[in-house]
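> No letters, just coordinates:
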């Protein structure tokens with residue numbers, strides 16, 4: 001059984017893009033190849049705000065403060081916070097996602113796999129995870145575009161898309 005290091009799993013209304021307003025499950029994975037310290041900063045200046053947060057003061061991802069500059073998902077890639085991200089099997093992840101759904105099954109909800117960079121280290125586990133998400137109709141990978149998609153994930157996404165009637 002495949003495993004994924006999970007920063008957080010939560011249910012929310014998607015707030016941007018094509019799926020804005022759609023009920024969604026967000027699966028945030030741990031790990032990223034970027035730090036994105038320039039967000040919200042003047043040109044040429046890097047944020048150090050996350051560095052002021054002491055990881056030893058926190059035992060749960062939800063307790064962490066938001067940062068106003070730099071990457072707002074810093075705990076999903078900053079190794080100082082990796083103790084807050086458990087390694088879960090695809091079965092455990094699928095079960096947790098179902099528990100968060102209002103009807104305890106996928107209906108019209110959307111799955112957003114995000115990070116950090118979700119294609120960095122967990123690609124081999126995604127086909128197994130998606131096969132556990134019965135009735136799931138839409139999935140988005142929020143990626144920075146730097147990672148090549150592995151053949152087995154690409155094959156699974158094409159198979160899955162064909163079963164649903166193709167990509168939009």
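Received, thanks. Being a predicted model, the structure only gives us computed values, none of them experimental. Numbering: from 1, shown residues only.
> elements contacting the lengthiest strand in the chain?
The longest strand of the chain (DSSP state E) is strand 3-13. Judged by 3 or more Cβ pairs under 8 Å, 6 or more residues apart in numbering; DSSP states H and E, strand 3-13 is in contact with strand 23-29, strand 87-89, helix 90-100. Just so you know, the C-beta spots here come from the backbone N, C-alpha and C atoms, and that holds for glycine as well.
> Now do that strand: distance to the chain's middle.
6 Å (Cα atoms, centre = their mean, to the nearest Å).
> Can you tell me what sits against it?
21-31, 61-62, 73, 75-76, 82, 84-90, 93, 96-97, 100-101, 109, 115-116, 121-122, 125, 129 (Cβ atoms under 8 Å, 6 or more residues apart in numbering).
> how about the nearest residue to residue 27 once chain neighbours are set aside, phi and psi?
Nearest in space to residue 27, with sequence neighbours left out and distances taken as Cβ to Cβ, 6 or more residues apart in numbering, is residue 113 at 5.0 Å. Residue 113 adopts backbone torsions of phi -100, psi 120, taken as degrees, to the nearest 10.
> can you pull up the bridge partners for residue 113?
With DSSP bridges applied, residue 113 shows beta-bridge pairing to residue 27, residue 141.
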